[in-house]
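*Asks:* can't give you the sequence, but here's the structure:
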Ligand SMILES: NC(=O)C1=CN([C@@H]2O[C@H](COP(=O)(O)OP(=O)(O)OC[C@H]3O[C@@H](n4cnc5c(N)ncnc54)[C@H](OP(=O)(O)O)[C@@H]3O)[C@@H](O)[C@H]2O)C=CC1
Ligand SMILES: O=C(O)[C@@H]1CCC=N1
């Protein structure tokens, strides 16, 4: 299988690394496409045996799978200025936020499109990707795509494409929310006089331990919270302040704003 990655940025590179790491493709069968000539030498260092080109350089693209990993805002330019023809037999896999299968099909004039939403822990093979596909794609082809996605973590097929905007808001953007909360906790630590490095250690280990407790306990989140929050104690004081300031509802609003932005990106 030959794979071309159109947009060798963070995600394009993460995906490429995972495919090579699990030997799902040979380096010679990977083609990375970048926008700037200046990025080529750095890419060549990381992918010495793969083809590296700029967008304009390509005349002919031989690829069974073309991964579209440019920003959604760059997609119209890419589609309107495509310097090569997409073979009828190729499959297109888009990881762009928001852009619908219908829009991709129309702009690329190509039927066989799979739309996926991964997240940044793909870099470690610990991502999660929601995906869906246009009609007419063979099951075996879809399973090939799923095998590739699974090299970056877990994947979940969704029948209903409209849910992908929610997946984008939840798990696509999700790592950033997590870092945001961790950052707030670390800063609270330093405000209380704890050295930043120690504050980071306390917070990161707390998140790790708490994550494993969620995963290894049959207690609900509410029960797990109750286990920590002693009556009249410190946790209760924190939770009371969160509730009074509607933190949960603010977080939920933010996530819905992300979903809404995904929909706007398709306009
Ligand atoms: N970051 C994330 O956590 C996630 C991102 N996504 C989606 O993945 C996609 C890529 O995101 P991300 O990797 O973060 O973004 P990056 O900006 O890191 O990568 C996009 C790459 O596309 C390149 N590019 C732009 N135009 C062209 C072109 N005409 N030809 C070739 N390459 C081009 C950019 O080049 P240049 O460097 O010159 O700008 C850049 O390297 C987005 O659509 C995003 O919605 C999905 C899930 C998670
Ligand atoms: O913020 C974004 O638009 C992309 C999609 C999900 C994560 N990053």
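*Replies:* It's in. Please read these numbers as outputs of a predicted model, since none were measured by experiment. Ligands and ions are numbered 1, 2, ... in the order given.

*Asks:* shaky segments in the protein?
*Replies:* Across the chain, nothing is flagged by pLDDT under 70.

*Asks:* could you list the domains of it?
*Replies:* Using automatic domain parsing, the domains assigned to the chain come out as 3-161, 174-265.

*Asks:* could those domains go into JSON lines alongside distance to ligand 1 and mean neighbour count?
*Replies:* Where you see a C-beta, it was placed from the backbone N, CA and C, and this is true even at glycine. Below are these laid out as JSON lines (distance: least, Cβ to the nearest ligand atom, whole Å; neighbours: other Cβ atoms under 10 Å):
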{"stretch": "domain 3-161", "distance to ligand 1": "2", "mean neighbour count": "18"}
{"stretch": "domain 174-265", "distance to ligand 1": "7", "mean neighbour count": "12"}
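
*Asks:* give me every residue that touches the closest residue in space to residue 204 that isn't next to it in sequence.
*Replies:* Nearest residue to residue 204, sequence neighbours excluded (Cβ to Cβ, 6 or more residues apart in numbering): residue 182, at 7.1 Å. Residues near residue 182 by Cβ atoms under 8 Å, 6 or more residues apart in numbering: 203, 204, 207.

*Asks:* what about residue 182, which SS state?
*Replies:* Here residue 182 is recorded as helix under DSSP: H, G, I helix; E, B strand; the rest coil.

*Asks:* just to revisit the earlier point, now the domains of the chain as JSON lines including distance to ligand 2?
*Replies:* As requested, the domains of the chain are exported to JSON lines (distance: least, Cβ to the nearest ligand atom, whole Å):
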{"stretch": "domain 3-161", "distance to ligand 2": "4"}
{"stretch": "domain 174-265", "distance to ligand 2": "7"}
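
*Asks:* show me the contacts of residue 182 that map onto helices.
*Replies:* Mapping those onto helices (DSSP state H) picks out 203, 204, 207.

*Asks:* and the strands in this protein?
*Replies:* 3-6, 30-34, 51-54, 65-68, 91-94, 113-117, 127-133, 153-157 (DSSP state E).

*Asks:* in the stretch 151-267 of the chain, which residue sits closest to ligand 1?
*Replies:* Ligand 1 sits closest to residue 172 of the stretch 151-267 of the chain, with a gap of 4.4 Å, by Cβ to the nearest ligand atom.
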